[in-house]
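J.: this one's structure only:
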């Protein structure tokens, strides 16, 4: 049952269902219960001496990493060098090679593989890809290579959802750099794949709130929002560096400017393969 629930104490985790009631990790427990009377609260005793209270979470993360590792090596024939474990529930995968291979296969077969529940964002609109419109622009190479990345991601999500070790819901973003993939991932959560075409950034940036930008603390985003009376990433792009400097300080100006223009030059940091648990986890998951 998809009931709203949270992790008690510091509200370390808030489900998507609970977020719909306006509950965040900063919400006080009594306020959260007032916002959602049917809220389910899970109490984790972090001071327990007999048993590691996060053992189940760590095991879940270990299992997710194992499923992803098996998928990319066995099904995509990629090495772990193409996968990055960014945090407890966030992974990046470079899908360029398998996407290109699928395009080449399609050129021989004459038909691209279809897949439901993939959203395609371009400069005009958001389109839900179905069997009826999947092949409308079969000659658009750029569009199709991004979509093939989405197809691969969705197949991986099915594997994660059906594997007895995980059985979690994931959201995914496909784009030409890590920043845009992360932004795309947040557009249609909790269980869908969003493909962001390069020409779709300007339109999508109007939907991204500045107090939720990756790498920019919410407090800094709130400062920008209040001081400049702006709310979206698109509006942030018109703010001068001098103004940003007075609000954020020198260290964040360049990073914020790059985010406002959709630029990210960082590459994949390979996921280390080891027998022990490689990172902590939380419920749900995101995949870029």
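T.: Received it, and whenever you're ready, just let me know what you need. Note that the structure is a prediction, hence the values are computed from the model and not measured. Numbering: from 1, shown residues only.
J.: Show me the strands in this protein, by range?
T.: Assigned strands in the chain, in chain order: 5-7, 40-42, 83-87, 90-93, 118-121, 126-129, 171-174, 193-196, 286-287 (criterion: DSSP state E).
J.: closest one to residue 242 among those strands?
T.: Of all those, it is strand 193-196 that lies closest to residue 242, at 30.2 Å by CB to CB. In short, each C-beta sits where N, CA and C put it, glycine included.
J.: and that closest one, which strands flank it?
T.: When pairs are called by DSSP bridges, strand 193-196 turns out to pair with strand 118-121 (parallel), strand 171-174 (parallel).
J.: Other residues contacting it?
T.: Applying CB atoms under 8 Å, 6 or more residues apart in numbering, the contact partners of strand 193-196 are 117-121, 129, 146-147, 149-150, 153-154, 157, 171-175, 180-181, 183-185, 187-188, 204.
J.: Select only the buried ones of these in PyMOL?
T.: Under the burial definition 16 or more other CB atoms under 10 Å, those of these that qualify are selected in PyMOL by:
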select buried, resi 118+119+120+121+129+146+147+149+150+153+154+157+171+172+173+174+175+180+181+183+184+185+187+188+204
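J.: picking that back up, could the strands paired with strand 193-196 go into TSV alongside distance to residue 193 and mean pLDDT?
T.: Listed next are these as TSV, based on distance: least, CB to CB, whole Å; pLDDT from 0 to 100:
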stretch	distance to residue 193	mean pLDDT
strand 118-121	5	78
strand 171-174	4	88
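J.: Indicate which one of those strands is closest to residue 61.
T.: Comparing those by CB to CB, strand 171-174 comes nearest, at 16.7 Å.
J.: on that earlier part again, residue 264: which of the strands of the chain is closest?
T.: It's strand 90-93; of the strands of the chain, that one is closest to residue 264 (CB to CB) at 11.0 Å.
J.: distance between that closest one and the chain's centre?
T.: 8 Å (CA atoms, centre = their mean, to the nearest Å).
J.: Each with direction, which strands does that strand pair with?
T.: strand 83-87 (antiparallel), strand 286-287 (parallel).
J.: So which of those is the most surrounded?
T.: Using mean count of other CB atoms under 10 Å, the stretch among these with the largest mean neighbour count is strand 286-287, at a mean of 21.
J.: among the strands paired with strand 90-93, which gets the worst mean confidence?
T.: Mean pLDDT per stretch puts strand 286-287 lowest among those, at a mean of 47.
J.: residues in contact with residue 187?
T.: Going by CB under 8 Å, 6+ apart, residue 187 touches 119, 121, 126, 173, 194, 204, 207.
J.: Kindly indicate which of those lies nearest residue 65.
T.: Nearest to residue 65 among the contacts of residue 187: residue 173, at 19.1 Å, using CB to CB.
J.: how far away is that closest one from residue 89?
T.: Taking CB to CB, to the nearest Å as the measure, residue 173 falls 14 Å from residue 89.
J.: got the residue ranges for the helices in the stretch 101-250 of the chain?
T.: Remark: helices assigned in the stretch 101-250 of the chain by DSSP state H, counting those that start in this stretch are 141-162, 178-185, 201-205, 218-228, 233-236, 241-248, 250-260.
J.: just the ones you listed: most buried one?
T.: Comparing these by mean neighbour count (mean count of other CB under 10 Å), helix 178-185 ranks first with a mean of 24.
J.: quick one: it to helix 141-162, angle?
T.: 60 degrees (axes from the mean of the first three to the mean of the last three CA atoms, to 10 degrees).
J.: Tell me where the model's unsure across the stretch 101-250 of the chain.
T.: 106-117, 129-139, 167, 217 (pLDDT under 70).
J.: my guess is residue 60 contacts residue 67, does it?
T.: No: judged on CB atoms under 8 Å, residue 60 makes no contact with residue 67 at a distance of 10.8 Å.
J.: Many thanks, we can stop here.
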